[in-house]
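[1] Give me coordinates for this.
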Amino acid sequence: MINWRLYKRTILLVYMALNFALLDVDVLISHSQNDFFRLELIPLVYGPLAVIGIILKLVFSRQHWADLVFRTLMWLGIAVGLIGTYFHFAGNATSQSEPLYRLLVTSSPVAAPIAFSGVAFFTLISAHERSSRRQTKLLALVGWGFIGSVIAAYLDHARLNFVPIYTLFPLVAGIMAGLACLWIVYFAEETGKKEMKVFLGIMALNLVVGLLGFIFHVLGDLAGTQTLILARFFYRDPLMGPLLFCDLAVLGTLSYVFENISETVITERTSLAS
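    The predicted structure is shown next:
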């Protein structure tokens, strides 16, 4: 049987490189609305640099310079996310009397840029932590990522006043997933096969919810049209938003299940040897 522990770091880093690439696509779509006004090119440029940093870490894993470049780029990604969040919030505040509803709901998505910080921090931990410590930290990040996604979905769907009713589904599924991850991290003394099945079920639910959300967003962008209008995909329902639930479900599975599978294999081999 394959010991996934040996390949877990590589799998995680490759998947995080894919995350940075998809974040760049999302930024390309959203910032094109403003013709990349002023500093809006920064995250677009950072994405490929982050992917290069991960590739260097994988190819030259024992080289100090590659690790230094990798760490520097990931900490830069954390800064890009935090600064982008500030710029979105400040850009929405056009006056001192700006209502909170406009600051958080009807203008630039305040929660979106922080994804760069989360992905960069997750990548740092994936590369430099080991075994149970890594699992605990990664699951905590996934849990809080689900909570952040719920907030983002709430702010986005609040524009529709949560009509139709299924716009509430990602909120329910995301809260369940966030609580499942955080319960394992902060409260569960140990978990068995039953807990793993429940966890996998919740992750699978979020995977389905994310895919359905993507389909609904595509159908919403196509509604009332007889031809494909790319502008509606750019400026109407965000295509990448629902897929965040799919992404976090995969990350939750990688963070939790692989480690437990590895522990099971090691335990079985130890029992056979004795």
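
[2] CA atoms for contacts and neighbours, from now on please.
    Fine.

[3] Tell me the pLDDT of residue 98.
    Listed pLDDT for residue 98 reads 55.

[4] again, but for the one 5 residues further on
    With respect to pLDDT, residue 103 has a value of 55.

[5] Likewise for the one 3 residues further on?
    Looking at residue 106, its pLDDT stands at 52.

[6] domain assignment for this structure?
    Following automatic domain parsing, one finds the domains of the chain at 1-128, 130-274.

[7] what residue ranges in this structure score low on pLDDT?
    Along the chain, segments meeting pLDDT under 70 span 1-6, 32-37, 91-110, 129-132, 221, 223-237, 258-274.

[8] What are the contacting residues of stretch 47-59?
    Residues from elsewhere that reach stretch 47-59 (C-alpha atoms under 8 Å, 6 or more residues apart in numbering): 10, 13-14, 17-18, 20-21, 23-24, 66-67, 69-70, 73-74, 77.

[9] Pop out the phi and psi values for residue 239.
    For residue 239, the backbone dihedrals (degrees, to the nearest 10) come out as phi -70, psi -40.

[10] before we move on, the earlier item: weed out the non-buried ones from the contacts of stretch 47-59.
    For the contacts of stretch 47-59, a neighbour count by 16 or more other C-alpha atoms under 10 Å gives the buried set as 10, 13-14, 17, 20-21, 23-24, 66-67, 69-70, 73-74, 77.

[11] tell me which of those residues is nearest to residue 153?
    Proximity of the buried ones among the contacts of stretch 47-59 to residue 153 (C-alpha to C-alpha) peaks at residue 23, which lies at 16.7 Å.

[12] distance of the closest one from residue 75?
    Computed as C-alpha to C-alpha, to the nearest Å, the residue 23 to residue 75 distance reads 17 Å.

[13] One more: residue 121?
    8 Å.

[14] Those two - which one has more neighbours?
    Neighbours were tallied for residue 121 and for residue 75 using other C-alpha atoms under 10 Å; the higher tally belongs to residue 121 (18 against 14).
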